[in-house]
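> Predicted structure and sequence below. I'll ask about it afterward.
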Amino acid sequence: MNIYVNDEETRIDPDQTLASLLSSLSGGRQVAVAVNDSVIRQDEWADYRLQNEDRVLVIAPVQGG
C-alpha cells in the first residue's frame, strides 16, 4: 500500500496504524499529525488505520528564540 508522508511516497503494510508509522518516523519526538488535511489527535493514533493514497503531514515543533 502506498501513502505520502510529507509529500514523499512511502510503502507501508496494509494493516499499519498511524501510531506504528509515527513510531518509526519520529523516534519518540513530539509531533503533530494531519491525514488528508485533518488533524489527528494523539489519543487516536493507535486505532487510526491508514488507507491507500493517504497524505500524512508530520510536523515537529522547533525551539528558537
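On my side now, so go ahead.
> what's the following helix or strand after the helix or strand bottoming out on mean pLDDT in the chain?
In the chain, no helix or strand scores lower on mean pLDDT, DSSP states H and E than helix 18-26, which sits at a mean of 89. Per DSSP states H and E, the first helix or strand lying C-terminal to helix 18-26 is strand 32-35.
> ok, and for that following strand, which residues are buried?
With burial defined by 16 or more other Cβ atoms under 10 Å, the residues of strand 32-35 counted as buried are 33, 35. Glycine gets a C-beta too; all of them are placed from N, C-alpha and C.
> residues making contact with the least confident helix or strand of the chain?
Around helix 18-26, the neighbours that count as contacts under Cβ atoms under 8 Å, 6 or more residues apart in numbering are 5, 12, 31, 33, 35, 40, 44-46, 48-50, 56, 58, 60.
> Quick one: residues contacting residue 57.
Per Cβ under 8 Å, 6+ apart, neighbours of residue 57: 6, 33, 34, 35, 37.
> Now for the first one, how many residues are close by?
Read it as residue 6. 11 (other Cβ atoms under 10 Å).
> Then the last one?
Applying the criterion other Cβ under 10 Å, we find 7 residues in the vicinity of residue 37.
> can you check residue 25 too?
16.
> Residue 56 now?
As a burial measure, residue 56 scores 22 neighbours (other Cβ under 10 Å).
> quick one: low-confidence parts of the chain?
Confidence mapping of the chain against pLDDT under 70 gives the ranges 65.
> Try it again at 80.
Filtered on pLDDT under 80, the chain yields the residue ranges 26-29, 62-65.
> Pull out the buried positions in the least confident helix or strand of the chain.
Buried-residue list, helix 18-26, by 16+ other Cβ under 10 Å: 18, 21, 22, 25.
> Tabulate the residues you listed (TSV), appending distance to residue 64.
Converted to TSV, the buried residues of helix 18-26 look like this (distance: Cβ to Cβ, whole Å):
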residue	distance to residue 64
18	28
21	27
22	23
25	22
